[in-house]
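**Q** coords please:
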Amino acid sequence: MRSVILYTIARLAIFAATAGVLALFGARGFLLVLMALLISGVVSYVLLSGQRDRMSAAVAGGLRAQRQKFEKSVTKEDA
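**A** Modelled structure (predicted):
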């Protein structure tokens, strides 16, 4: 769960920094948000690839644990 929170905070920080720089250059309103989303998405894709892999592994592990718990309860119920 920690890796998901760290990844989300990093994405938001990159978006905020990108929006701030674009605002300094005069972008406003919808154009500011749209450009910040596009640019921060590309930057995050490059800079946060390792963090994204760790987050993905954590989410997959959590889903695997939930699936095993569910299968165990179904097996117990059938018996």
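
**Q** How about the longest helix along the chain, which residues are buried there?
**A** Assignment by DSSP state H gives helix 49-78 as the longest helix of the chain. Across helix 49-78, burial judged by 16 or more other CB atoms under 10 Å covers 51-52, 55. C-beta: built from backbone N, CA, C; applies to glycine.

**Q** any idea which of these is the one closest to Ile14?
**A** Gln51 (11.2 Å; CB to CB).

**Q** unless I'm mixing things up, the closest one is touching Tyr7, no?
**A** Yes - between Gln51 and Tyr7 a contact is recorded at 5.0 Å, counting by CB atoms under 8 Å.

**Q** which helices and strands does the lowest-mean-pLDDT helix or strand in the chain pack with?
**A** Every helix and strand of the chain was ranked by mean pLDDT, DSSP states H and E. The lowest is helix 49-78, at a mean of 87. The contact analysis (3 or more CB pairs under 8 Å, 6 or more residues apart in numbering; DSSP states H and E) places helix 49-78 against helix 2-24.

**Q** quick one, the helix it packs on and helix 49-78 angle?
**A** Here helix 2-24 points in a direction 140 degrees away from that of helix 49-78 (axes from the mean of the first three to the mean of the last three CA atoms, to 10 degrees).

**Q** Which helix or strand lies directly C-terminal to helix 2-24?
**A** Of the helices and strands lying after helix 2-24 in sequence (DSSP states H and E), the nearest is helix 29-47.

**Q** Name the residues of that following helix that come out as buried.
**A** Buried residues in helix 29-47 (16+ other CB under 10 Å): 32, 36, 39-40, 44.

**Q** is it true that Met55 touches Tyr7?
**A** Yes - counting by CB under 8 Å, Tyr7 is a contact partner of Met55 at 4.5 Å.

**Q** Nearest the geometric middle of this protein, what residue?
**A** Thr8 (4.6 Å; CA atoms, centre = their mean).

**Q** What are the neighbouring residues in contact with Ala58?
**A** Neighbour list for Ala58: 1-4 [criterion: CB atoms under 8 Å, 6 or more residues apart in numbering].
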